[in-house]
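I would like to see how this sequence folds:
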Amino acid sequence: MLKKVYEIREGNSLTEVKNSDTLKVRFQIRDSASYTNKYESPEVTYYEVGDFKGRPSIVPIDVSKGWYAATRAGSGTMKAFDDSGGVNYFYLCNVMEDGKADFNSGVRDDECRGVNALTKQVDGSFYPLSDSEVKGWVEKGISAIKEASRKYEKGMPTTISILDQKGIKIGNPAVNLPGTQCTDFMSPKDCNLLFNLCDPVVCPSSRCDFGGRFPVSNVIQSGIIGGLLLCLPNFPQVKVPICLTGINAGIQSLISVYTNYRDCLQKNLDSGETVGICDEMHSIYLCGFFWKQALPLSKLVFTNVLLCFKQTPLHN
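Below you'll find the model as predicted:
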């Protein structure tokens with residue numbers, strides 16, 4: 001037991017420090033009730049690009065107790081899914097007190113343990129839950145992932161049922177987050193330098209997602225507005241918090257619209273034909289361009305407005 005703390009001062013004299021928490025010791029008390037938490041806004045998310053396209057990233061297991069299954073592209077030494085789509089490795093998680101699935105947010109206050117789905121071996125424990133209880137959640141996790149995989153289809157409905165839980169929403173497409181982070185190999189200072197050099201050009205979907213509120217599978221294809229907004233929350237860590245490559249792609253697309261319009265007018269000028277078709281094509285392409293550019297912003301604004309109404313109490 002630690003009874004007293006002393007500070008070594010000038011002249012090697014010892015002075016007792018009162019009311020000090022020098023060691024920064026913290027304890028977390030866990031019981032079975034710690035793993036019973038209401039799952040706020042549960043969603044099933046799928047990968048939409050890469051080898052795992054159509055496979056689930058996050059799947060709620062029990063929304064009343066806060067359990068969910070999560071997969072990650074490149075989960076250590078084992079792939080999350082085999083070539084046939086069967087699950088190899090996943091993470092069994094509980095949302096804990098905040099009620100949110102934070103597996104991909106970088107905050108990670110959730111309790112998660114890796115699971116080998118082939119042997120059902122869990123990396124660690126959920127103390128004080130018994131092995132049989134954890135095994136039960138593992139089997140439910142595997143079943144939930146398999147069911148979500150079977151129900152995936154292009155143009156699927158906005159909600160599905162998982163393990164008899166109806167009305168589970170389909171969330172935004174999951175990004176292929178790496179199993180390791182930059183700080184696993186480099187110092188935070190070097191990582192910060194790397195982010196400043198690469199983010200404006202590479203525009204990684206794991207970092208350019210408007211602070212986790214609007215993940216997209218390809219930031220560069222989001223165009224001018226997406227390039228300006230999606231990386232913005234990374235400031236001041238990143239001094240140029242915009243996707244230059246995405247902005248350039250959007251500008252090139254706009255130039256292409258006007259180039260085609262010019263060529264059409266020139267052809268009509270040379271041949272003497274009417275230019276009505278050129279104006280019609282120009283209007284259609286220009287409208288499509290601006291709609292595509294504004295889509296990320298409109299979705300984000302619409303989502304925030306709904307959240308604002310949801311969180312505003314109603315008064316008689």
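
Tell me where the stretch 151-300 of the chain has helices.
Assigned by DSSP state H, counting those that start in this stretch, the helices in the stretch 151-300 of the chain fall at 188-202, 223-229, 244-271, 276-311.

Check those helices for me and report the most buried one.
The highest mean neighbour count among those belongs to helix 223-229 (a mean of 23), with neighbours defined as mean count of other C-beta atoms under 10 Å. C-betas here are computed from N, CA, C, even on glycine.

how many neighbours does the residue nearest to S217 when sequence neighbours are not counted have?
Counting by C-beta to C-beta, 6 or more residues apart in numbering, V49 is the residue found nearest to S217 once chain neighbours are left out, at 4.7 Å. Counted with other C-beta atoms under 10 Å, the neighbours of V49 add up to 13.

surely V49 meets Q221?
No: because the distance of 10.6 Å does not satisfy C-beta atoms under 8 Å, V49 is recorded as not touching Q221.

Give me the domain ranges for the protein.
For the chain, whose domains are defined here by automatic domain parsing, the residue ranges read 36-170, 183-309.

ok now the strand or helix carrying E133, how far from the chain's centre?
E133 belongs to helix 131-151 when elements are defined using DSSP states H and E. Relative to its parent chain, helix 131-151 has a centroid offset of 22 Å by C-alpha atoms, centre = their mean, to the nearest Å.

Could you pull out the buried residues of that helix?
Of the residues in helix 131-151, those with enough neighbours to count as buried (16 or more other C-beta atoms under 10 Å) are 134, 137-138, 140-142, 144-149, 151.

and if you look at stretch 60-74?
By neighbour count on 16+ other C-beta under 10 Å, the buried set for stretch 60-74 is 60-63, 66-73.

Dump these to a markdown table, plus secondary structure, distance to N196 and pLDDT.
Formatted as a markdown table, the buried residues of stretch 60-74 follow (DSSP: H, G, I helix; E, B strand; the rest coil; distance: C-beta to C-beta, whole Å; pLDDT from 0 to 100):
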| residue | secondary structure | distance to N196 | pLDDT |
| --- | --- | --- | --- |
| P60 | strand | 37 | 96 |
| I61 | strand | 40 | 97 |
| D62 | strand | 42 | 96 |
| V63 | coil | 40 | 95 |
| G66 | coil | 37 | 95 |
| W67 | strand | 39 | 97 |
| Y68 | strand | 34 | 97 |
| A69 | strand | 36 | 96 |
| A70 | strand | 30 | 93 |
| T71 | coil | 31 | 91 |
| R72 | coil | 26 | 83 |
| A73 | coil | 25 | 71 |
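
Let me know the secondary structure of I29.
With DSSP: H, G, I helix; E, B strand; the rest coil as the basis, the three-state label of I29 is coil.

make that I8, sorry
I8, by the three-state scheme (three-state DSSP), is strand.

check contacts around I8.
Residues in contact with I8 (C-beta atoms under 8 Å, 6 or more residues apart in numbering) are L14.

Chain neighbours aside, what residue packs nearest to I160?
With C-beta to C-beta, 6+ apart as the measure, K151 is the residue that lies nearest to I160, at 5.3 Å, once sequence neighbours are left out.

hmm, back to that, do you know which of the domains of the chain lies nearest V17?
Distances from V17 to each of the domains of the chain were compared by C-beta to C-beta, and the smallest falls on domain 183-309, at 29.7 Å.

Would you confirm that L92 contacts G141?
Yes: with contact defined as C-beta under 8 Å, L92 counts as touching G141 (5.2 Å).

Please enumerate the shared neighbours of those two.
When contacts are counted by C-beta under 8 Å, 6+ apart, the set common to L92 and G141 consists of 67, 69, 115.

which one of those is nearest R213?
A69 (22.8 Å).

ok so, going back, output the helices of the stretch 151-300 of the chain as a markdown table; include the columns distance to P56 and mean pLDDT.
Supplementary listing: these in a markdown table, determined by distance: least, C-beta to C-beta, whole Å; pLDDT from 0 to 100:
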| stretch | distance to P56 | mean pLDDT |
| --- | --- | --- |
| helix 188-202 | 27 | 86 |
| helix 223-229 | 25 | 85 |
| helix 244-271 | 28 | 83 |
| helix 276-311 | 21 | 66 |
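
I170: which of these is closest?
Put simply, out of the helices of the stretch 151-300 of the chain the one that sits nearest I170 is helix 276-311, at 14.1 Å, with distance taken as C-beta to C-beta.
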